[in-house]
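Q: let me see the structure of the following:
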Amino acid sequence: MKRNIRILIFSCLFFSFYACKTAPKNIPHYTISKEFKSDTLTTVDVHIANRLTTAQLLLIAGKLKTDSAQIKNLAIHFLLPGNTDISAGDNSYYAIIKYLADAQVKPTDSLKDDNGIALRLKLFGLDSAKAHTLLSQQPVLITGKNVLGKFVDDYAKTLIIPFKDPTDKRDQLFVIEVDGLGNIVSSTVPEKIVDGGVEKWMVDKNGDYITIKDSVLAQYPSNGLGLPFNSIRSGI
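A: Reported below is the predicted structural model:
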């Protein structure tokens, strides 16, 4: 009888423990590369391996907020592979999350992390399905050409395809932009210049240019002081 009572007590304690135990959160892998502090805001750059859903971004934000509870004003920049920490604009970010102070919360601010803390999310990048649709485009024009990569431009929502024609003795670079239906929306033959040992391809008369190195295409404005406004890894 006593043995049965001990077994019953043990079983109750066992199941009570697991009933109370919180299910583990499936937080996507991420790394922190930079932290910027001002008088009013702390911003961290978070690199993610692929395009994440809103729910997955909120899980990462919640983890960072929990780990940095002493930070009152926290903003998170999410960067995809190829995106650069230092850029001339928001186009290099996949998304931005900013936590709100109590006085900033409005009735329309319904988005919260898994700890119930209000925040705002601005998503710049395309989701994985739309990016896959772009990457699957295979215009007839590039058949038999040396394609240097396929780059999803999240800002323009197009696919940038730079390529060379093996029969072209001038070794020109051709750059086309394709939409989700496979239509070519722009076509450019940029002029190559070498500046400080760096190959720059001038894409317009204003001086905007691109570089392609290590499967990363970077877009630079003429007045950007050498900082890209967009930086994209092929196939992401």
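Q: for this protein, which spans come out with low pLDDT?
A: For the chain, the stretches with pLDDT under 70 are 1-24.
Q: make it 80
A: 1-25, 69-70, 88-90, 102-103, 224 (pLDDT under 80).
Q: now do the helices in it.
A: 2-20, 54-67, 128-135 (DSSP state H).
Q: run through who's touching the last one.
A: Think helix 128-135. The list of residues contacting helix 128-135 from outside it, by C-beta atoms under 8 Å, 6 or more residues apart in numbering, reads 50-51, 125-126, 150, 152, 157-159, 178-180, 235-236. For the C-beta atoms, the positions are set from N, CA and C on the backbone; glycine is no exception.
Q: same thing but 7 Å
A: With contact meaning C-beta atoms under 7 Å, 6 or more residues apart in numbering, helix 128-135 is reached by 50, 51, 150, 152, 159, 180, 235.
Q: one more: stretch 69-84?
A: Here stretch 69-84 makes contact (C-beta under 7 Å, 6+ apart) with 40-49, 51, 57, 61, 64-65, 68, 92-99, 101, 125, 216, 228, 231-233, 236.
Q: try 8 Å this time
A: Taking C-beta under 8 Å, 6+ apart as the rule, stretch 69-84 contacts 33, 40-52, 57, 60-61, 64-65, 68, 85, 92-99, 101, 125, 215-216, 218, 228, 231-234, 236.
Q: looking at the residues you listed, which are in strands?
A: The strands, defined by DSSP state E, take in 33, 42-48, 95-99, 216, 218, 231-233 from the contacts of stretch 69-84.
Q: buried members of the residues you listed into ChimeraX, please.
A: In ChimeraX syntax, the buried subset of the ones in strands among the contacts of stretch 69-84 is picked out as below (16 or more other C-beta atoms under 10 Å):
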select :42,43,44,45,46,47,48,95,96,97,98,99,216,218,231,232,233
